[in-house]
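Student: predicted model follows, preceded by the sequence.
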Amino acid sequence: MLRYTLLRLLGAIPTLLLVIVLAFLMVHAAPGGPFDSERALPPEVAEDIEKHYRLDEPLPQQLLRYMSGLLQGDLGPSYRYRDYTVSELIASGFPLSLQIGALAMGLALIVGVGAGTLAAQRKNTLVDRIVMGFAMTGISIPVFVVAPVLVLLVAVKLHWLPAGWSGSPGFAKYVLPVITLALPQIAYIARLTRASMIDVLSRDYIRTAYAQGLGTKAIIRVHALKPAMLPVLSYMGPAVAAVLTGSVVIEEVFGIPGLGQFFVRGALNRDYTLVLGIVIFYATLIVLLNLIVDILYGVIDPRVRQR
Amino acid sequence: MLTAMKVIRIIGFAALLGLVVILANCGGDEPDTQGSVLNIGLITEPESLDAHKARSIQAADVLRDIGEGLLSYSPTGELVPGAAASWQVSEDGLRYTFKIRENARWSNGDAVTASHFAFGFERLVNPETAAFYAGFLADIKNVEAPDEQTLLISLERPTPYLLSLLTHPATFPMHPGSLAEHGDDFARPGKLLSNGAYVLDDWVPGSVITLRRNEQYWNNSATAIDEVRHHLLTQEMTQLARYRAGEIDITGSVPPDSFQQVKEELGEQLHVAPYLGVYYYGFNLTKPPFKDNPRLRQALSMAIDRDLLVQKVTGRGELPAYSWVPPGVENYQPTLLSYAPMTQQERNAVARQLYKEAGYSDENPLKFELRYNTSDSQRRVAVAVQAMWKDVLGAEATLINEEFQVLIANVRKRELTQVFRSSWIGDYNDAHTFLSVLQQDSPANQPAYASKEFDSLMSLAADQVDLDRRRLYLEEAERLLLADHAVIPIYFYVSKHLVSPRIDGWGDNVLDYHYSQHLSLKAAE
Amino acid sequence: MKKSVAILILILVIAIVGPWISPHDYAAVDFSRILQSPSLGGMHWFGTDALGRDLFVRTLLGIRVTLLVAVVASLVSLVIGVTYGAVAGYVGGRVDAIMMRFVDTLYALPFIFFVILLMVAFERNFFLIFVAIGAINWLDMARIVRGQTLSLREREFVDAAKLIGVRTPQIISRHIAPNLIGIVVVYVTLTIPQAILVESFLSFLGLGVQEPQTSLGALVDEGVNHMEGASWLLLIPASLLALILMCFNFLGDGLRDHFDARNGS
């Protein structure tokens, strides 16, 4: 078991190394430096700053220095937010991105599966058409359109919810961003659930259950839901990626200080360390989570280790 | 199914984690709202609140709330005493004596002394600080603090805008003890000492900077608002939405596409005022076809219908630019481009003539690239100007939008760039802040304009004590610059804010400085 | 499904032919006709934008650019995905395990961040948008193709080919690949709407095509700013974008059902 765990850990290292080097080279290949602006720096000052951040060293040396910093858990200083380190920014941005992402996924699962099941049950009725119509619309309108339209209607015109993040009261400020982020996922999940539910409901054992006089609700809950959820489960991976993309948009539109916003600003401002830090952070997180799950499977099912 | 199960577990794990974080946060991040609160929208997040590392205009806006220089500005833009109660200038304009207020205090209760200013100046010019505005004090020969209340500044050459410089955050005092104790971290919430009306309470990066009343400030009794929140909202649309939802009181800008609507609906709350900033197109003067080709440059400059552009394209009250220095600068009358008095039709005719003389025609049109940074308003101006060049001259400009950082790097390399979009915002109220940009050795000289004559006029002006004679030199320098068509000034910026009717004490001014300490909230109706 | 195909073909035909019918040029600026609302009887059927440019022609151009981007991106992901998946599935064993482990790894990466980095690093060029979008989407294709190949390679005709000494590359290209067409077509149809959405996301970030060119994403992004004052600038391109996405999704669903049904029997 220990050997398996160690092997998997070792296996994760090249992946992460690849990510780091790739991201490092890409960021540094981008034209323009972090301290360029139209109010140009006097050359001496520019030199001093570059020296201070060691940007004057050759690239391989910078990479090595960065890696050795990483080994000590140091992601370096941010160039755009000069009073903060990258680790501090990630620590302040990630919990928010996670909260909103997790809430949106939760909402999407509950509403999506519910709506999809309902539509499957009432296949080819008006209810079905309405649900599927909404779902089709949901996957066909980009988040960056839905977000400002919702803000205009719900916050500016109706004053029901806050339009922005900072300084808005507690829970209310989560509502619009979470809904906006969840909408396309609700739509996808509803479509998936409906399709697989219809498939499952037509199987023999369900018919048998009906014949035994069980009610529709009970049949769905006891017999149909689990198998019907399988395609939804395999959609979760792409869903996480989609939520990550969406979070960039909603964080910009609502002014939420999450990692998506930091990433875009970092990339546009050539904040090398911030951009690298976020990419490495996400990659490590995902790799580690995968690893933990794998190892747990290894514990539960010894056959996995043989692979 | 292994992978699906894996993923669902990750989701479950994340959801759980998220829930925990939310629960942990519940009620925790609620801002306590005792006293009056002012909510301001900031369009760019400050890069730092260390006054020497900061460089953006918005950083200076926040810093003017936190600190105070020797001088300050009134709401309408007049110089007024700040930390210095009074000052005297010697006859030759080379020696300034400032008297610091005896009751000037840091937020920890320490007295603000003359030596704190001297210390700040030293740190500003120290190469290790790598301060962006280090050049501000280039003309200072010596700074002395003979006693706690007296600061003597002697200059190499008369610098009539010195007083204006001394309102800038880069020249604010620094507390040596605080720097010694906290090192590079001294500017962070909880550590940053303030000698202004507010102290830094909190800064959530990407979200909000919260300031609260500085009880130690010498003029604290005049401060009306207890808490100021600078909301960091980089999207103009977001600022407008939050303003309309009543969540912010002052916006940093107004989105161009909603301007007409805002004007109609919120007319009186919209404040548009002339601003010390010029929007221009620069040439790469080091490469053909624009190198040594003033006729061609003039043709392109004349073919732009600036009046039409500001009315129809920018449409936020901008002024068409026929000079380099904007109107409204003290002790100065901008020189105008020679063709300014003509009608656009006359200009077009001359422009076509010049274009032909430069060797171009319909059969052999000028082809070049116009680069601008990615943004809706830049894009629109570029498309419009491209169309004007095409219509009037037949010149074919290819539009290339680049990210700001890329554009700047390309302009600096002077290889790819041919015509590029840029701007200059005045750092102080003097023509020098604009004209000095185009001196040959200026790092901000993007077109690489190099004129010995221009440079010598500038240095002649620098040595003048007499304001009128100095002004003549500067105006002559501008005339030269415009005759060379080194740049195409297109329009002068305006400042544009929405200001809530519940705010009192707002004043429009060319510098666009608005100290929160001058503002107050009307009693709720 | 048939309706979707009909609508898509109609849109495509209009997008290609339309600019010839309309007297306007997509780049022509007209300061006297700024923000004119749509009128069927007037000069500008879809109205004009903030620079007085004809929205009808610009929308058609946008559709063409968007479809081009999406189709080429899908083709990129198709070529990479099919090759990768077919090789992994056919060769099998250790190679397969390693190749699929690599795919798992790539799944783990925050891809959208890499696309942004790519756009930022290699200044925007039209070609790169295709490649970038294609590069995110090949993973699904690779997995599906691999699964399909795994079952195909056990079939008799493959054994027969092996017996008569056909070499591996030929077997993959001649015998395996043709049998993958069905499922590949389904997934390409479903990849196109994803690519369209990614393109519009990049336009939102200002990383899209260069003016005076435009795409549906760029038009919609511009329209959002005019949401209240000139709503047609949002409504027209956004509904067309939605319509196109819906058609592709319906088409993909339909094809998949069709394919599943055939396979299941």
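Tutor: Sure thing, it's come through.
Student: would you enumerate the residues in contact with C:Val131?
Tutor: The contact partners of C:Val131, taken as CB atoms under 8 Å, 6 or more residues apart in numbering or on different chains, are C:73, C:76. Placement of C-beta: from N, CA and C, glycine included.
Student: how near is it to B:Tyr428?
Tutor: Per CB to CB, to the nearest Å, C:Val131 is found 48 Å from B:Tyr428.
Student: and if you look at C:Trp138?
Tutor: C:Trp138 is 56 Å from B:Tyr428, by CB to CB.
Student: neighbour-wise, which of these two wins?
Tutor: Legend: neighbour count by other CB atoms under 10 Å in any protein chain shown for C:Trp138 and B:Tyr428, higher for C:Trp138 (25 against 19).
Student: report pLDDT for that one.
Tutor: Per-residue confidence (pLDDT) for C:Trp138: 86.
Student: what sits against the one residue in the stretch 51-200 of chain B that gets nearest to chain C?
Tutor: The minimum distance from the stretch 51-200 of chain B to chain C, using CB to the nearest CB, falls at B:Ser56 (19.5 Å). Going by CB under 8 Å, 6+ apart, B:Ser56 touches B:44, B:46-47.
Student: of these, closest to chain A?
Tutor: The nearest member of the contacts of B:Ser56 to chain A, counting by CB to the nearest CB, is B:Glu47 at 5.2 Å.
Student: could you check how far the residue positioned nearest the centre of chain A is from C:Gly208?
Tutor: In chain A, the centroid-proximal residue (CA atoms, centre = their mean) is A:Leu244; its distance is 2.8 Å. The spacing between A:Leu244 and C:Gly208, counted by CB to CB, is 20 Å.
Student: again with B:Pro81
Tutor: Separation of B:Pro81 from C:Gly208 (CB to CB) stands at 52 Å.
Student: more neighbours, those two?
Tutor: For the pair B:Pro81 and C:Gly208, the greater number of neighbours falls to C:Gly208 (27 against 14), based on other CB under 10 Å.
Student: hang on, that one is in a strand, isn't it?
Tutor: No - with DSSP: H, G, I helix; E, B strand; the rest coil as the criterion, C:Gly208 is coil rather than part of a strand.
Student: how about it, what does it touch?
Tutor: C:124, C:129, C:199, C:202, C:215, C:217-218, C:221.
Student: and the stretch 1-150 of chain A, which residues reach chain C?
Tutor: Neighbours of chain C within the stretch 1-150 of chain A, by CB under 8 Å from any CB of the partner chain: A:11, A:15, A:19, A:22-23, A:26-27, A:29-31, A:136-137, A:139-145, A:148-149.
Student: which of those are buried?
Tutor: Among these, those buried by neighbour count (16 or more other CB atoms under 10 Å in any protein chain shown) are A:15, A:19, A:23, A:26-27, A:30-31, A:136-137, A:139-145, A:148-149.
Student: next step: these restricted to helices.
Tutor: Of these, the ones assigned to helices by DSSP state H are A:15, A:19, A:23, A:26-27, A:136-137, A:143-145, A:148-149.
Student: quick one: least confident of those?
Tutor: Sorting those by pLDDT puts A:Thr15 at the bottom of the list (77).
Student: what strand or helix carries the spatially closest residue to that one that is not a sequence neighbour?
Tutor: Counting by CB to CB, 6 or more residues apart in numbering or on different chains, A:Thr15 lies nearest to C:Thr105, which is 4.8 Å off, once chain neighbours are set aside. If you go by DSSP states H and E, C:Thr105 is part of helix C:93-107.
Student: can you tell me which helices and strands the next helix or strand after that helix packs against?
Tutor: Counting by DSSP H and E, the next helix or strand C-terminal to helix C:93-107 is helix C:111-121. Counting contacts by 3 or more CB pairs under 8 Å, 6 or more residues apart in numbering or on different chains; DSSP states H and E, helix C:111-121 packs against helix A:2-29, helix A:225-254, helix A:259-268, helix A:272-300, helix C:126-152, helix C:177-204.
Student: averaged pLDDT, helix C:111-121. What do you get?
Tutor: Helix C:111-121 comes out at a mean pLDDT of 77.
Student: list the residues that contact the closest residue to chain B within the stretch 201-307 of chain A.
Tutor: Closest contact between the stretch 201-307 of chain A and chain B, by CB to the nearest CB, is at A:Pro257 (3.1 Å). Applying CB under 8 Å, 6+ apart to A:Pro257 gives the contacts A:92-93, A:96, A:165-166, A:251, B:204-207, B:232.
Student: dump those residues to JSON lines, plus secondary structure and pLDDT.
Tutor: JSON lines is the format used below for those (DSSP: H, G, I helix; E, B strand; the rest coil; pLDDT from 0 to 100):
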{"residue": "A:Ser92", "secondary structure": "helix", "pLDDT": "91"}
{"residue": "A:Gly93", "secondary structure": "helix", "pLDDT": "92"}
{"residue": "A:Leu96", "secondary structure": "helix", "pLDDT": "91"}
{"residue": "A:Trp165", "secondary structure": "coil", "pLDDT": "88"}
{"residue": "A:Ser166", "secondary structure": "coil", "pLDDT": "85"}
{"residue": "A:Glu251", "secondary structure": "helix", "pLDDT": "92"}
{"residue": "B:Val204", "secondary structure": "strand", "pLDDT": "93"}
{"residue": "B:Pro205", "secondary structure": "coil", "pLDDT": "92"}
{"residue": "B:Gly206", "secondary structure": "coil", "pLDDT": "91"}
{"residue": "B:Ser207", "secondary structure": "coil", "pLDDT": "92"}
{"residue": "B:Leu232", "secondary structure": "strand", "pLDDT": "94"}
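Student: how about the residues you listed in TSV, adding neighbour count and distance to C:Phe56?
Tutor: Supplementary listing: these in TSV, determined by neighbours: other CB atoms under 10 Å in any protein chain shown; distance: CB to CB, whole Å:
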residue	neighbour count	distance to C:Phe56
A:Ser92	19	47
A:Gly93	26	43
A:Leu96	27	43
A:Trp165	27	39
A:Ser166	27	41
A:Glu251	26	35
B:Val204	17	46
B:Pro205	21	45
B:Gly206	25	40
B:Ser207	25	42
B:Leu232	25	40
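Student: and of these, the nearest to A:Leu285?
Tutor: Distances from A:Leu285 to the contacts of A:Pro257, taken as CB to CB, are shortest for A:Gly93 (13.2 Å).
Student: does that closest one really touch A:Gln261, like I thought?
Tutor: Yes - A:Gly93 is within contact range of A:Gln261, at 7.4 Å (criterion: CB atoms under 8 Å).
Student: point out the residues in the stretch 151-300 of chain A that sit beside chain C.
Tutor: A:152, A:195, A:237-238, A:241, A:244-245, A:248-249, A:263-264, A:267-268, A:275, A:278-279, A:282-283, A:286-287, A:290.
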